[in-house]
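Peer 1: Dropping a prediction and its sequence here:
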Amino acid sequence: MDDPISWLTEDGAGPPSMMIGPPASEDFMLASARINMARTLPGLRRVTRHDDIAVFVAAGPSLPRYLDEIRERAKDPRVKIITSNKTHDYLIENGIVPWAEFIIDPKPSMAEYVRHPHPEVGYFIAAHCVPEVFDALAGYRVCRVGVGQGADRQEELDALLLSAGPTEILMGGGMTPLRSMCLVEVLGFQREEFYAFDSCFESYESVYGYDKKRPAPEDIFEAETPDGRKWLTTEAFASQARQYIKWRRRLAGLVEFTIHGDGLIAALDAWERAWLAERAAAMPKGLMSPEYLALQRQLHADRPDYGIGAGRHVRVVLGLARQIEKRYGRITMLDYGAGKGALKRGLADAAGDLAVTVNEYDPAIPGMDSPPAPADIVTCLDVLEHVEPDYIRNVLAHLAELTKKVAIFVVHLGPAAKVMADGRNAHILQKDTGWWKIMVQQHFRIGEMKRVGTDDAGELVFVCQSKSVR
């Protein structure tokens, strides 16, 4: 089964051009942001995770069929209805008052969608939206949102966004429903459901759920998914469908997404779930292959200087351990991939009166290879880059099972100076910052991530919380 994110790319069967440019120039967006940043408004701040459910209502052609269901869902105080643009007015006209409206489009036409604000609605408005949008919402509950564009002048925009104080800068896909996936994560939601997020048209006449400007007929084409179904869509909406898959993966472990309906995005979502299940079934079991375990044991035996790097992290680990001990009393610690025991020795020398029991686990070291017990703090220092690519998910899942409270990871990004007996570099898993962040956050809540140095010679430091800790 092919990876759904490759659907309709240049290697696939669809149009080669799927890059949708920004809807306004950078100069235009910066000019709007300068005006809007001078307003006295709160910025977007991260919220503690909770159990409410975000429900984003888009404008796809399936919307009228789901109005009754959305209306019933809105009665549940845990359900927060979020929408965008003209759907705000459409829902209110149909007796559904959203919890929030989210607008990121910088075009002047967006001012038309806030002519009828509602006192019970909160408005999350991108700082680069035209000033007329903010003018229309004066006196209402408005949160100014910094939105990353990945543009040439993004650093300039970021500096402007941060000029009014600390704020979250949202990354994400190019359309509002996609960007909402990152918004709800910042707002503490662990679940987001979508209605009318179709990314396709039911016919050349039935394009949206209500009266709205339609794309030109020549821009609509028929696309086929691997299940043999065909969809009327546009380049922008086909790109949106693929971006949904990308951001669903990036936010895995943080937010669970559900697509209601039977549109193009629902089809890709089902395809993605089947693809992931197929991959999971094909993944090897355990933490490493027998052949690799033998190579690791040989490298430890041949190189006295292999597996000693964790000792340089004693100060960082000790500081965190003292914080945890102060809150919980006596604590346990597990050094996962302990190598030659440098961390435990360093802690014994520096810990003083710290009430901590340190255990060690390393499958390649006799005496440390017994299955470990869970611990309050788990350290995994200069280890993950040595894990076989096919086993990294298993190892991270194992680490998550063993972590009661906090885990510390240090991951090298570039090659090692050492090689194994088969000629491979000792750092057999060399990935960039974004890849490691995605992998770690699938199993932990990342409290802090710090990058030191470059991708070729640097390292990442993660301080993570167990997902079982509330």
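Peer 2: It's in.

Peer 1: Which residue ranges of the protein form helices?
Peer 2: In the chain, the helices defined using DSSP state H lie at 26-37, 63-73, 87-93, 131-136, 154-161, 176-186, 235-250, 264-282, 290-302, 314-328, 342-350, 392-402, 433-441.

Peer 1: buried ones in the first one?
Peer 2: Of the residues in helix 26-37, those with enough neighbours to count as buried (16 or more other C-beta atoms under 10 Å) are Glu26, Phe28, Met29, Leu30, Ala31, Ser32, Ala33, Asn36, Met37. (Each C-beta comes from the backbone N, C-alpha and C, glycine too.)

Peer 1: Give the rounded mean pLDDT of it.
Peer 2: The pLDDT scores in helix 26-37 average 91.

Peer 1: Now Tyr336. Nearest residue, chain neighbours left out?
Peer 2: Excluding the flanking residues, the one nearest Tyr336 by C-beta to C-beta, 6 or more residues apart in numbering is Cys380, at 4.5 Å.

Peer 1: wait, what's in contact with the one you found?
Peer 2: Tyr336, Gly337, Leu399, Ala407, Ile408, Phe409, Val410 (C-beta atoms under 8 Å, 6 or more residues apart in numbering).

Peer 1: rerun at 10 Å
Peer 2: By C-beta atoms under 10 Å, 6 or more residues apart in numbering, the residues touching Cys380 are 310, 334-338, 361, 387, 395-396, 399, 402-403, 407-411, 462, 464.

Peer 1: now the helix-or-strand element of the chain with minimal mean pLDDT, how far from the centre of its chain.
Peer 2: None of the helices or strands of the chain scores lower by mean pLDDT, DSSP states H and E than helix 154-161, at a mean of 78. Distance of helix 154-161 from its chain centroid, counting by C-alpha atoms, centre = their mean, to the nearest Å, is 21 Å.

Peer 1: before we move on, what about stretch 30-38?
Peer 2: 28 Å.

Peer 1: ok, now how distant is the residue nearest to the spatial centre of the chain from Asp68?
Peer 2: For the chain, Leu251 is the residue whose C-alpha lies nearest the centre (C-alpha atoms, centre = their mean; 3.0 Å). Distance, Leu251 to Asp68, using C-beta to C-beta, to the nearest Å: 29 Å.

Peer 1: just Leu318 next, same as before
Peer 2: Going from Leu318 to Asp68 by C-beta to C-beta gives 59 Å.

Peer 1: more crowded one of those two?
Peer 2: Leu318 (17 against 10; other C-beta atoms under 10 Å).

Peer 1: Run through the residues that contact the more buried one.
Peer 2: By C-beta under 10 Å, 6+ apart, the neighbours of Leu318 are Leu343, Gly346, Leu347, Ala350, Ala351, Gly352, Leu354, Val356.

Peer 1: Tell me the one of the residues you listed nearest Ala281?
Peer 2: Leu343 (36.3 Å; C-beta to C-beta).

Peer 1: burial count for that closest one?
Peer 2: By the criterion of other C-beta under 10 Å, Leu343 has 27 neighbours.

Peer 1: Check what pLDDT Pro166 gets.
Peer 2: Reported pLDDT for Pro166: 77.

Peer 1: Quick one: residues contacting it.
Peer 2: So Pro166 contacts Gly43, Leu44, Arg45, Arg46 (C-beta under 10 Å, 6+ apart).

Peer 1: gap between it and Thr176?
Peer 2: 24 Å.

Peer 1: One more: Ser370?
Peer 2: For Ser370, the distance to Thr176 - C-beta to C-beta - is 52 Å.

Peer 1: between the two, which one's more packed in?
Peer 2: More crowded of Ser370 and Thr176, by other C-beta under 10 Å: Thr176, with 24 against 9.

Peer 1: Any chance of the backbone angles for the closest residue to the more buried one other than its chain neighbours?
Peer 2: Spatial nearest neighbour of Thr176, excluding adjacent residues (C-beta to C-beta, 6+ apart): Ser84 at 4.2 Å. Main-chain dihedrals, Ser84, degrees, to the nearest 10: phi -150, psi 160.

Peer 1: How about the contacts made by Ser84?
Peer 2: Counting by C-beta under 10 Å, 6+ apart, Ser84 has contacts 56-59, 98, 100-105, 110, 113, 124, 175-177, 179-180.

Peer 1: Tell me the pLDDT of it.
Peer 2: Ser84 is given a pLDDT of 96.

Peer 1: swap in the one 4 residues further on?
Peer 2: Model confidence at His88, expressed as pLDDT, equals 97.

Peer 1: That one touches His116, doesn't it?
Peer 2: Yes. Counting by C-beta atoms under 10 Å, His88 does reach His116; the two are 7.9 Å apart.

Peer 1: My guess is Ile331 contacts Ala351. True?
Peer 2: No. Contact between Ile331 and Ala351 fails when scored by C-beta under 10 Å: they sit 11.3 Å apart.

Peer 1: Same drill for these two, tell me which one is more crowded.
Peer 2: More crowded of Ile331 and Ala351, by other C-beta under 10 Å: Ile331, with 22 against 17.

Peer 1: Distance of the more buried one relative to Val314?
Peer 2: 16 Å.

Peer 1: next one: Gly172
Peer 2: Separation of Gly172 from Val314 (C-beta to C-beta) stands at 39 Å.

Peer 1: hey, what's in contact with both of Ile331 and Ala351?
Peer 2: Taking C-beta under 10 Å, 6+ apart as the criterion, Ile331 and Ala351 both touch Ala321, Arg322, Glu325, Val358.

Peer 1: what's the most distant pair in these?
Peer 2: Pairwise distances across the shared contacts of Ile331 and Ala351 (C-beta to C-beta) peak at 13.9 Å, for the pair Arg322 and Val358.

Peer 1: what touches both of these two?
Peer 2: With C-beta under 10 Å, 6+ apart, Arg322 and Val358 have common neighbours Ile331, Ala351.
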